[in-house]
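Undergrad: Show me the folded form of this:
(chains A and B)
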2 protein chains.
Amino acid sequence: MRISELAERTGVSVATVKYYLREGLLPPGEATAATQARYSDEHVHRLQLIRVLREVGDVPVADLAEVLAAVGDRSLDLQSVLRTAHHALGPRRSEDSPESAATRAEIVRYLKDRRWEVDRRAPSIDRLATTLVYLRRLGWPVDASVFDRYADAADSIAREELATIDASRGRAAAVEQIVVGTVVFEQALVALRRLAEEHHSSLRFSRRSRRSG
Amino acid sequence: MRISELAERTGVSVATVKYYLREGLLPPGEATAATQARYSDEHVHRLQLIRVLREVGDVPVADLAEVLAAVGDRSLDLQSVLRTAHHALGPRRSEDSPESAATRAEIVRYLKDRRWEVDRRAPSIDRLATTLVYLRRLGWPVDASVFDRYADAADSIAREELATIDASRGRAAAVEQIVVGTVVFEQALVALRRLAEEHHSSLRFSRRSRRSG
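TA: Alright, predicted model coming up:
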């Protein structure tokens, strides 16, 4: 297909497709003339993957190249691909205040106590430390054990998720499942938790008549 | 305390404190002179709450007033406070394409089958529909049952969360627990899921030697 059809099928503008081509985020099409190229379903798929990372995962364009390179680098094990994707998803590391450095150390100990094998530089450790800082600023007398219920849930979710990754279907499929799964199902989990909170709060607190629809 | 101390203790600039005062997001201090006022620990607390909503929950300033009004409105039941907070957290409703309208209906049916009592206008329903749309664009042959594992986890998390809300401690404490809990523990859950994924992927896929630290 021509670039105009590629753009139309993926909902990405022609200008943006050209930008991704220039940046090497999208492999070149097959040249059919000096200024024309033909694109394939693989280009469509790659563009949809870029859209997921950009629009759902909020991955900055500057970090896309690294994630896509990890996806394409057959010498990387799946664990490394996952880490690369997680780092690109952020949050960006901000400067450590003494308060946040101490809280970060507390989180690292907490994860170590749980025997989770994680990179100490993982951005999610910063995010977790930040949540604890905010709770304490509000005067909540909490330590990291306040996360226990969420850590237990996350542990069983992740165990099931990783168990469904069928490496025998080939690396490309497994990698896509890891990267897309992290980004997309995170949104789903957040949405479902809020809906479940609304449901349980309705059961407990609503003054209005109960309806099941 | 004076406004400068209030600013210093909360890490919010004096200009921003004044802005919140003008917008009515922060109640006025006790006037001590024509151009001076005294502020209390309640002001500190309210500013920390605003920071959580802005910085962790990404609530737009324009929506803060509505959330804070719901927090302060003693005639509202806890269920209504929760809904107001969730609506302010978004995502903003975008225009429905035929594709997204159909997917939205699918999600509503899915939640109905689970007997979850939720507002059909809940922004989280849009978010969930969007995730399904993206998965299908990537060619994943999924229906809403792909969310089952996340919905089960969300259901038990939310049940436990709501069970810990001790309404006997008074409405203010319960409301804060609901609003802050939604915003802050969502970040914690997302961070913990990513860390748990890294841990389980390490157990399954890493080629490197295992370290438990």
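
Undergrad: got any ranges where chain A has weak pLDDT?
TA: A:93-96, A:207-213 (pLDDT under 70).

Undergrad: Quick one: the strands in it, in order.
TA: Secondary structure of chain A (DSSP state E): strands at A:30-33, A:36-38.

Undergrad: got a list of what the residue most central in space within chain A touches?
TA: The centroid of chain A falls nearest to A:Val183 when counting by C-alpha atoms, centre = their mean (3.0 Å). Contact partners of A:Val183, counting by C-beta atoms under 8 Å, 6 or more residues apart in numbering or on different chains, are A:Val52, A:Leu53, A:Val56, A:Gly57, A:Val59, A:Ala85, A:Leu89. Heads up, the C-betas are built off the backbone N, CA and C, glycines and all.

Undergrad: likewise A:Arg83?
TA: Taking C-beta under 8 Å, 6+ apart, we find A:Arg83 in contact with A:Asp119, A:Ala122, B:Glu198.

Undergrad: right, so the strands of chain A: which one is the most enclosed?
TA: strand A:36-38 (a mean of 14; mean count of other C-beta atoms under 10 Å in any protein chain shown).

Undergrad: Give me the residues contacting it.
TA: By C-beta under 8 Å, 6+ apart, the residues outside strand A:36-38 that reach it are A:Met1, A:Arg2, A:Ile3, A:Pro28, A:Gly29, A:Glu30, A:Ala31, A:Thr32.

Undergrad: and which of the residues you listed is nearest to chain B?
TA: Chain B has its nearest neighbour among the contacts of strand A:36-38 in A:Met1, at 16.3 Å by C-beta to the nearest C-beta.

Undergrad: Would you confirm that that closest one contacts A:Tyr39?
TA: Yes: A:Met1 is within contact range of A:Tyr39, at 5.3 Å (criterion: C-beta atoms under 8 Å).

Undergrad: So between the two, which is more surrounded?
TA: The neighbour comparison of A:Met1 against A:Tyr39 (other C-beta atoms under 10 Å in any protein chain shown) goes to A:Tyr39, with 23 against 15.

Undergrad: Contacts only, for the more buried one.
TA: Taking C-beta under 8 Å, 6+ apart, we find A:Tyr39 in contact with A:Met1, A:Arg2, A:Ile3, A:Glu5, A:Leu6, A:Gly29, A:Glu30.

Undergrad: Give me the number of neighbouring residues for the closest residue to A:Val81 other than its chain neighbours.
TA: Ranked by C-beta to C-beta, 6 or more residues apart in numbering or on different chains and with sequence neighbours excluded, the top spatial neighbour of A:Val81 is A:Ala70, at 4.8 Å. When counting by other C-beta under 10 Å, one arrives at 19 neighbours for A:Ala70.

Undergrad: My read is that A:Ala70 contacts A:Thr84, right?
TA: Yes: using C-beta under 8 Å, A:Ala70 is in contact with A:Thr84, at 3.9 Å.

Undergrad: Now do the shared contacts for these two.
TA: Contacts common to A:Ala70 and A:Thr84, judged by C-beta under 8 Å, 6+ apart, are A:Leu76.

Undergrad: What segments of chain A are helices?
TA: Under the criterion DSSP state H, chain A carries helices at the ranges A:3-10, A:14-22, A:41-51, A:61-72, A:78-89, A:98-113, A:123-137, A:148-163, A:171-205.

Undergrad: neighbouring contacts of the third one?
TA: Helix A:41-51 is contacted from outside by A:6, A:9-12, A:17, A:20, A:25-27, A:29, A:64, A:68, A:71, A:176, A:179-180, B:134, B:137-139, using C-beta under 8 Å, 6+ apart.

Undergrad: Can I have the buried ones of those as a PyMOL selection?
TA: The buried subset of the contacts of helix A:41-51, as determined by 16 or more other C-beta atoms under 10 Å in any protein chain shown, is captured in PyMOL by this line:
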select buried, (chain A and resi 6+9+10+12+17+20+25+26+29+64+68+71+176+179+180) or (chain B and resi 134+137+138)
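
Undergrad: residues in contact with stretch A:156-173?
TA: With contacts defined as C-beta under 8 Å, 6+ apart, stretch A:156-173 is touched by A:74, A:78, A:174, A:177-178, A:181, A:185, A:189, B:149-150, B:153, B:193, B:196-197, B:199-201, B:203-205.

Undergrad: if we go to 6 Å?
TA: A:Ala174, A:Gln177, B:Arg149, B:Ala153, B:Arg193, B:Ala196, B:Glu197, B:His200, B:Ser201, B:Arg204 (C-beta atoms under 6 Å, 6 or more residues apart in numbering or on different chains).

Undergrad: Run a quick neighbour tally on the fourth one.
TA: Think B:Ala153. Neighbourhood size, B:Ala153 [other C-beta under 10 Å]: 23.

Undergrad: A:Arg120 too?
TA: For A:Arg120, the neighbour count with other C-beta under 10 Å is 12.

Undergrad: which ones are touching it?
TA: The neighbourhood of A:Arg120, defined by C-beta under 6 Å, 6+ apart, consists of A:Val108.

Undergrad: Please apply the same query to A:Leu132.
TA: Residues in contact with A:Leu132 (C-beta under 6 Å, 6+ apart) are A:Thr103.

Undergrad: give me that answer again for 8 Å
TA: By C-beta under 8 Å, 6+ apart, the contact list for A:Leu132 reads A:Thr103, A:Glu106, A:Ile107, A:Val142, A:Ala144, A:Val146.

Undergrad: Same check on A:Leu53?
TA: Contacts of A:Leu53 by C-beta under 8 Å, 6+ apart are A:Val59, A:Leu64, A:Val67, A:Ala88, A:Val179, A:Val183.

Undergrad: Name the nearest of the residues you listed relative to chain B.
TA: For the contacts of A:Leu53, the closest approach to chain B (C-beta to the nearest C-beta) belongs to A:Val183, at 8.8 Å.

Undergrad: What distance do you get for the closest one to A:His199?
TA: 25 Å (C-beta to C-beta, to the nearest Å).

Undergrad: A:Arg171 now?
TA: Taking C-beta to C-beta, one finds A:Arg171 at 40 Å from A:His199.

Undergrad: So which of the two has more stuff around it?
TA: A count of neighbours by other C-beta under 10 Å puts A:His199 above the other of A:Arg171 and A:His199, at 21 against 16.

Undergrad: Tell me how far stretch A:52-63 lies from the chain's centre.
TA: 9 Å (C-alpha atoms, centre = their mean, to the nearest Å).

Undergrad: what does stretch A:172-191 give?
TA: Centre-to-centre, stretch A:172-191 and its host chain are 6 Å apart (C-alpha atoms, centre = their mean).

Undergrad: And stretch A:75-85, by the same measure?
TA: 13 Å.

Undergrad: what comes up buried for it?
TA: Residues of stretch A:75-85 classed as buried by neighbour count (16+ other C-beta under 10 Å): A:Leu76, A:Leu78, A:Gln79, A:Ser80, A:Val81, A:Leu82, A:Arg83, A:Thr84, A:Ala85.
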